[in-house]
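need the 3D shape of this:
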Amino acid sequence: MQIRTTKFPYFFWGFNRAYECDLDFEEHIYKNLEVKTEYRFKKINSLLYLIIKYLPIFFIFYFTFNKFDFSFSKTTILSHILAFILVSIVNLLDGLFRQIVSILAIFSSIFFGFYIDEIFLVAYVLKYFLFFSVFIMIFLDTRLQAYSILNDNGKVLSNFTIPKSKK
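Take a look at the predicted model:
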């Protein structure tokens, strides 16, 4: 199976290229068949994996969101709706059609911003787009199981994730 390991331990945002590997779940052995290396691996708690991966992002959200982002004003409701439409476009469409419709959605956000005299509407739409996208990514990451690759001393060298169904 092709497995991509993280470049740094516990940093699940940067991955190396995929290597052909073999995983022995009985002995907990990770064998890289291309580089001819063999290490032990151990399972990471799924909740801990999600916390490690998304806690820095939620800190950023904590400092960029305020009480007005969750009010029911005309601007925030329109921003949330347009952001949800943009998230739907990005996640449900493919290829060139997705790019064209995404650009049209952003331009329509700019148009609505000028129409309702809120020139920063597109900035709010993009902010909420990132917010909604993170929740979709969390949902998708709940389907993954994370593992740590350990050296002989038990030090974590890297991590990898595989779908929970492949075990």
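
for the helix or strand hosting Ser148, buried residues please.
Ser148 is part of strand 144-150, with elements assigned from DSSP states H and E. For strand 144-150, a neighbour-count test (16 or more other C-beta atoms under 10 Å) marks 144-150 as buried. Using the backbone N, CA and C atoms, a C-beta is placed for each residue, glycine as well.

separation between Tyr22 and Ile162?
Quick fix: residue 22 reads Asp, not Tyr. Distance from Asp22 to Ile162, counting by C-beta to C-beta, to the nearest Å: 12 Å.

what touches both of these two?
Taking C-beta atoms under 8 Å, 6 or more residues apart in numbering as the criterion, Asp22 and Ile162 both touch Met1.

which of the two has more neighbours?
Between Asp22 and Ile162, Ile162 has the larger neighbour count (other C-beta atoms under 10 Å), namely 16 against 12.

and the helix or strand harbouring the more buried one, what other elements does it pack with?
Assigned by DSSP H and E, Ile162 belongs to strand 156-163. Contact here means 3 or more C-beta pairs under 8 Å, 6 or more residues apart in numbering; DSSP states H and E; on that basis strand 156-163 packs against strand 144-150.

what does the average pLDDT come to for the strand it packs on?
For strand 144-150, mean pLDDT is 94.

who does that strand pair up with?
The strands beside strand 144-150 in its sheet (DSSP bridges) come out as strand 37-43 (antiparallel), strand 156-163 (antiparallel).

could you pull out the strands for this protein?
For the chain, strands defined by DSSP state E occupy the ranges 2-3, 19-24, 29-32, 37-43, 144-150, 156-163.

can you list those in JSON lines and add distance to Leu96?
Formatted as JSON lines, those follow (distance: least, C-beta to C-beta, whole Å):
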{"stretch": "strand 2-3", "distance to Leu96": "27"}
{"stretch": "strand 19-24", "distance to Leu96": "32"}
{"stretch": "strand 29-32", "distance to Leu96": "37"}
{"stretch": "strand 37-43", "distance to Leu96": "40"}
{"stretch": "strand 144-150", "distance to Leu96": "29"}
{"stretch": "strand 156-163", "distance to Leu96": "29"}
